[in-house]
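Trainee: Attaching a predicted model along with its sequence, questions to come.
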Amino acid sequence: MRKVIFIFFIGFIFYTYSSQEIFQEDIDQKNPLLKIFQDEYSNRVILTKEGDITDDGIGDLIIIYEVSKSEKRMVVVLGGSERLTSSVKAPVERQSIKLKNIDEKAQMEFIVSGYKGSKLGYAIYRIEDNRIIDLFGEGMDECC
């Protein structure tokens, strides 16, 4: 019986650890683009990724932030205009952002993936007319 309890306890610890959100520890609080976000939103920032996704030679900042424990959203601070895009839903847990030039055009696409419980989702986005455009994705309805 002790072995069963021990195995259950270890499994519970593993499940609890694996279902926690991964927070980016090295968010640069002095980043001027983050300050633009913070002037508009008081929400807690979960994850950021910086890069020139609009191909204007100036860095942009992708931010995933918390609306509530069960709702996360994403916005991009456009460095060239110092404006925010409209926000879109983001994965609830274990978020990831990768920059990738998929179509070999000037603008960079970005891939956002994550979970909600055991449901995985990902989407490929691009910025057009100061908006986040969903180019392709799968499972985002279930993980956001």
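Mentor: Looks like it came in fine. All figures in this text were calculated on a predicted structure; none of them were measured in a lab. Numbers count the residues shown, from 1 in each chain.

Trainee: Contacts for the helix or strand where Leu34 lies, please.
Mentor: For Leu34, the host element (DSSP states H and E) is helix 32-40. Outside helix 32-40, the residues that touch it by CB atoms under 8 Å, 6 or more residues apart in numbering are 27-28, 45, 48, 50, 59-61, 63, 65, 75, 77, 79, 82, 84. From N, CA and C alone the C-beta is placed, and that goes for glycine too.

Trainee: Mark which of these are buried, thanks.
Mentor: 45, 48, 50, 59-61, 63, 65, 75, 77, 79, 84 (16 or more other CB atoms under 10 Å).

Trainee: Pick out the residue closest to the middle of this protein.
Mentor: For the chain, Ile64 is the residue whose C-alpha lies nearest the centre (CA atoms, centre = their mean; 4.0 Å).

Trainee: Report pLDDT for that one.
Mentor: Per-residue pLDDT puts Ile64 at 96.

Trainee: Check the gap between it and Gly57 for me.
Mentor: Distance, Ile64 to Gly57, by CB to CB, to the nearest Å: 25 Å.

Trainee: and if you look at Gly79?
Mentor: Distance, Gly79 to Gly57, using CB to CB: 9 Å.

Trainee: Can you name the residues in contact with stretch 77-89?
Mentor: So stretch 77-89 is contacted by 33-34, 36-37, 40, 52, 54, 56-61, 63, 71-76, 125, 127, 130-132, 134, 140, 144 (CB under 8 Å, 6+ apart).

Trainee: Just the buried subset of those residues, please.
Mentor: Looks like those have 33-34, 36-37, 52, 54, 59-61, 63, 72-76, 125, 127, 132, 140, 144 buried, using 16+ other CB under 10 Å.

Trainee: So Cys144 versus Glu71, what's the distance?
Mentor: Separation of Cys144 from Glu71 (CB to CB) stands at 8 Å.

Trainee: Go through the contacts of helix 32-40 and flag which are in strands.
Mentor: Members of the contacts of helix 32-40 lying in strands (criterion: DSSP state E): 45, 48, 50, 60-61, 63, 65, 75, 77, 84.

Trainee: State the mean pLDDT of stretch 77-95.
Mentor: Average pLDDT, stretch 77-95: 93.

Trainee: for Tyr125, what are its contacts?
Mentor: 88, 109-112, 132-135.
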